[in-house]
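Undergrad: Make a model of this:
(chains A and B)
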Amino acid sequence: MSSVELTRAGPPVALERPRIGWRSAAAVLAWLAAALVTRLYPDATRHWPLTEGLANLELALAVVIGALALVAPRAPRLARRLRHLAPWLVALALLLGAWELLTAKLGVLPVPFFAPPQALLNVYLSDWPRLLDSLWHSAVLLGFGVGLGALFGFIAGVSIGWSASIGYWLHPVLRILGPVPSTALLPLCFFLFPSSWSASVFLIALATWFPVTVLTWSGVASVDKAYYDVARTLGAKPSFLIFRVAIPAALPHVFVGLFMGLGASFSTLVVAEMMGVKSGIGWYLQWAQGWAAYANMYAALLVMALACSGLISALFLVRDRLLAWQKGAVKW
Amino acid sequence: MVALQKPASPGLAVHIEGLSHAFHLDGEPLPVLDNVSLDVAPGEFVALLGPSGCGKSTLLRLVAGLEPADRGTLEGDGDAITGPDPSRVVVFQDPTLYPWRRVWDNVAVGLQAQGLLKTQRGRVDAALAKVHLSEFARAWPRQLSGGMAQRVALARALVNEPRLLILDEPLGKLDSLTRIAMQKELIELWQRQGYTALLVTHDVEEALLLANRIIVFSERPARVKSEIQVERPYPRRRDDPYLVELRTRILASLGLADA
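TA: Numbering: from 1, shown residues only, chains lettered A, B, ... in the order given. The predicted structure is shown next:
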């Protein structure tokens, strides 16, 4: 009897172990190949600085993945994550290798407009103070704009959803001002506001404000009336109905609005920085393009992509925490 | 001078006289209650029976103070009912638990709204124990079955120690086995707590099992059609010949003689 159970339990384990190994081995090999191509294949048009540095970086990644794969059989969580990530690790190595081949090694893509990976690496090593400074200024501008927009959007949405008389006055403003792309107001705002910075804060806030207001409002308006009846018979005052019933019930809608608002704020931020503000990632992009420093432009774009997706991920984390009660319900 | 004390009974005396009420649909008044008069003694269990949509639930909303009545007198212990009050709590057909609050926090809503929660947390635990759901205090409402959710709603009402419990078809959406179990629980809780109970139901048998008195309403606009005293001790058996006979009479007065 025990032998039957042993054979039944046997195969899945025996099958699973080599699979972890194969996927990680492929990733290690892919990064090793990328490192070898970078290191050994001669550059086509000119010798790029930091080619060896890039190769060493790729080699280091291969070593790290290999080391993790060796530890993995003793750490089930790490093994699962590694197995999950391995296909992407392979794909990234191939993409980076192809990029390197098409630019530095074969010169297929024209040089000033397409920079090889080691040129980006060079930018990060030589120009990091300016990049960091730009990132910081963008973050401050975005923080003020999104913060104010989300706050006022939330307040406006709850007010319109709650009070018919506030809705009477705010609703037309929302209908007229809301759908206008805030970047269209840029020239007007640079003229009206004392500084281009305050004008940009206003425009980013406006871009965030509209979706947050509309979705908060619709969230508050769609709260089941029975929730209020129950609370009222249990002795709830109006403040309790707003803060303990209407707002928590509307929160899933509010988060949809925040995601849309954050997305809209990014584009407004970059346009504002390109048009008037003399700092920030948008300004850096414009400046790099003006000097035909395309490697700097790509480097800044990559930083911006990571920063924006990091912010969206952070918002997802906050949402999952605050809306834990929804878990298992339909998610978008 | 000795201050005038409220009656010592935990149950509320309800006095309804000449109550009329109408809804307004597209500007047209739609009468739902027509000159309803009814007296409920403290601690009495009264069931309201009537055809679907006749206005029974509206009567409950008026008694709860959720809406003002168009015309007539509505009093609890001699005081006019002008708004909702935690001494008169409603349990609706849907449990309407707040999905963003755990079971314990749902039961605590009343005390929290009245600012009593900080000092009287034990009452929440006691109410959950009364409906046998202490182990589910940390669960989310979406994790509960229909019957469990309705028992949480009952605990949320009972934690306020209501003097009048208003039950608007609370068992209407439950399966028949759960309903039988909860009918028993409702009776036990009512006997233990001594509150006055007003129950709206479509189920003649349920009214016969639970109520001291059954009020039969007419079609909309609702008028009191007949009143039936149910003089039987609890727990009652549904095959009790006296109840079976009453059932036939009530169905006849509802115009369903052959049912």
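Undergrad: Beyond the strand or helix carrying B:Ala155, next helix or strand please.
TA: For B:Ala155, the element it lies in under DSSP states H and E is helix B:146-158. Moving toward the C-terminus from helix B:146-158, the first helix or strand encountered (DSSP H and E) is strand B:164-168.
Undergrad: gap between the helix holding B:Ala155 and the chain center?
TA: Centroid separation for helix B:146-158 versus its chain: 13 Å, with Cα atoms, centre = their mean, to the nearest Å.
Undergrad: tell me what it is packed against?
TA: Contacts defined by 3 or more Cβ pairs under 8 Å, 6 or more residues apart in numbering or on different chains; DSSP states H and E place helix B:146-158 against strand B:88-91, helix B:103-107, helix B:109-113, helix B:121-130, helix B:176-193. C-beta: built from backbone N, CA, C; applies to glycine.
Undergrad: and chain A, which of the ones you listed is closest to it?
TA: Minimum separation from chain A across the helices and strands packed on helix B:146-158 (Cβ to the nearest Cβ) falls at helix B:109-113, 3.7 Å.
Undergrad: What separation do you get for the nearest residue to A:Ser196 once chain neighbours are set aside and A:Trp291?
TA: Nearest residue to A:Ser196, sequence neighbours excluded (Cβ to Cβ, 6 or more residues apart in numbering or on different chains): A:Gly276, at 3.6 Å. Distance, A:Gly276 to A:Trp291, using Cβ to Cβ, to the nearest Å: 19 Å.
Undergrad: re earlier: what about the residue nearest to A:Ser196, how many residues close to it?
TA: Counted with other Cβ atoms under 10 Å in any protein chain shown, the neighbours of A:Gly276 add up to 19.
Undergrad: likewise B:Asp94?
TA: 18.
Undergrad: quick one, what contacts it?
TA: A:Ala226, B:Lys173 (Cβ atoms under 8 Å, 6 or more residues apart in numbering or on different chains).
Undergrad: A:Ala62: which element?
TA: Counting by DSSP H and E, the element that carries A:Ala62 is helix A:51-71.
Undergrad: Run through who's touching that helix.
TA: Contacts for helix A:51-71 (Cβ under 8 Å, 6+ apart): A:20-21, A:24-25, A:27-29, A:31-32, A:34-36, A:38-39, A:43, A:78, A:82, A:89, A:93, A:96, A:100, A:104, A:117-118, A:121.
Undergrad: Please list all residues in contact with the residue in the stretch 1-150 of chain A that chain B sits nearest to.
TA: Per Cβ to the nearest Cβ, A:Ala150 is where the stretch 1-150 of chain A lies closest to chain B, at 20.0 Å. Residues near A:Ala150 by Cβ under 8 Å, 6+ apart: A:Thr208, A:Trp209, A:Val212, A:Leu258, A:Gly261.
Undergrad: got it, and B:Lys173?
TA: B:Lys173 touches B:Gln93, B:Asp94, B:Gly146, counting by Cβ under 8 Å, 6+ apart.
Undergrad: Residues of chain B that sit close to chain A?
TA: B:61, B:64-66, B:84-86, B:88-90, B:92, B:94, B:96, B:98-102, B:109-110, B:112-114, B:140-142, B:156-157, B:160, B:166 (Cβ under 8 Å from any Cβ of the partner chain).
Undergrad: Where does pLDDT dip in chain B?
TA: In the predicted model of chain B, residues B:1-9, B:257-259 satisfy pLDDT under 70.
Undergrad: Nearest residue to A:Leu302 in space, please, no chain neighbours.
TA: A:Leu120 (6.9 Å).
Undergrad: helix/strand/coil for the one you found?
TA: helix (DSSP: H, G, I helix; E, B strand; the rest coil).
Undergrad: For it, list the residues it contacts.
TA: Neighbour list for A:Leu120: A:Ala295, A:Tyr298, A:Ala299, A:Leu302 [criterion: Cβ under 8 Å, 6+ apart].
Undergrad: Swap in 6 Å and give it another go.
TA: By Cβ atoms under 6 Å, 6 or more residues apart in numbering or on different chains, the contact list for A:Leu120 reads A:Ala295, A:Tyr298, A:Ala299.
Undergrad: burial count for the first one?
TA: Yep, that's A:Ala295 we're talking about. Neighbours around A:Ala295, by other Cβ under 10 Å: 22.
Undergrad: how does chain A divide into domains?
TA: Annotated domains of chain A cover A:2-112, A:128-326 [automatic domain parsing].
Undergrad: cool, chain B as well?
TA: Using automatic domain parsing, chain B is parsed into the domains B:11-87+B:164-259, B:97-161.
Undergrad: Give me the distance between the two termini of the shortest one.
TA: This points to domain B:97-161. Domain B:97-161 has its terminal residues 19 Å apart, counting by Cα to Cα, to the nearest Å.
Undergrad: I would like the residues contacting stretch B:179-188, please.
TA: With contact meaning Cβ under 6 Å, 6+ apart, stretch B:179-188 is reached by B:Leu171, B:Leu209, B:Tyr234.
Undergrad: Tell me the secondary structure at B:Leu116.
TA: coil.
Undergrad: Would you mind listing what in the stretch 151-300 of chain A touches chain B?
TA: The stretch 151-300 of chain A comes close to chain B at residues A:Ala226, A:Asp229, A:Val230, A:Arg232, A:Thr233, A:Leu234, A:Gly235, A:Ala236, A:Phe240, A:Pro248, as judged by Cβ under 6 Å from any Cβ of the partner chain.
Undergrad: where's the third one, which helix or strand?
TA: Yep, that's A:Val230 we're talking about. If you go by DSSP H and E, A:Val230 is part of helix A:225-233.
Undergrad: how about the helices in chain A?
TA: Using DSSP state H, the helices of chain A run over A:2-40, A:51-71, A:76-100, A:117-126, A:128-162, A:164-177, A:186-192, A:196-221, A:225-233, A:238-240, A:247-275, A:281-290, A:294-322.
Undergrad: Off-centre distance for stretch A:266-280?
TA: 18 Å.
Undergrad: before we move on, back to that, show the buried residues in the contacts of helix A:51-71.
TA: A:20-21, A:24, A:27-28, A:31-32, A:34-35, A:38, A:43, A:82, A:89, A:93, A:96, A:100, A:104, A:117-118, A:121 (16 or more other Cβ atoms under 10 Å in any protein chain shown).
Undergrad: does B:Asp39 count as helix, strand or coil?
TA: Per three-state DSSP, the local secondary structure of B:Asp39 is strand.
Undergrad: Now it: closest residue in space, sequence neighbours ignored.
TA: Leaving out its chain neighbours, the residue that sits closest to B:Asp39 by Cβ to Cβ, 6+ apart is B:His15, at 5.6 Å.
Undergrad: A:Leu317 and chain B, how far apart?
TA: 18 Å (Cβ to the nearest Cβ, to the nearest Å).
Undergrad: My error: substitute A:Ala295 in the last question.
TA: In terms of Cβ to the nearest Cβ, A:Ala295 sits 50 Å off from chain B.
Undergrad: pLDDT wise, what is that residue at?
TA: pLDDT, A:Ala295: 89.
Undergrad: what about A:Leu85, how many neighbours?
TA: A count of nearby residues for A:Leu85, using other Cβ under 10 Å, gives 16.
Undergrad: Revised request: answer the last question for B:Ala41.
TA: Other residues near B:Ala41 come to 14 when the count uses other Cβ under 10 Å.
Undergrad: Show the backbone phi and psi for the residue nearest to it when sequence neighbours are not counted.
TA: Closest residue to B:Ala41 apart from its sequence neighbours, by Cβ to Cβ, 6+ apart: B:Ala13 at 6.3 Å. The phi and psi values for B:Ala13, taken as degrees, to the nearest 10, are phi -90, psi 130.
Undergrad: May I see the PyMOL selection of the buried members of the residues of chain B next to chain A?
TA: In PyMOL, this line selects whichever of those come out buried by 16+ other Cβ under 10 Å:
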select buried, chain B and resi 61+64+65+66+84+85+86+88+89+90+92+94+96+98+100+101+102+109+110+112+113+114+140+141+156+157+160+166
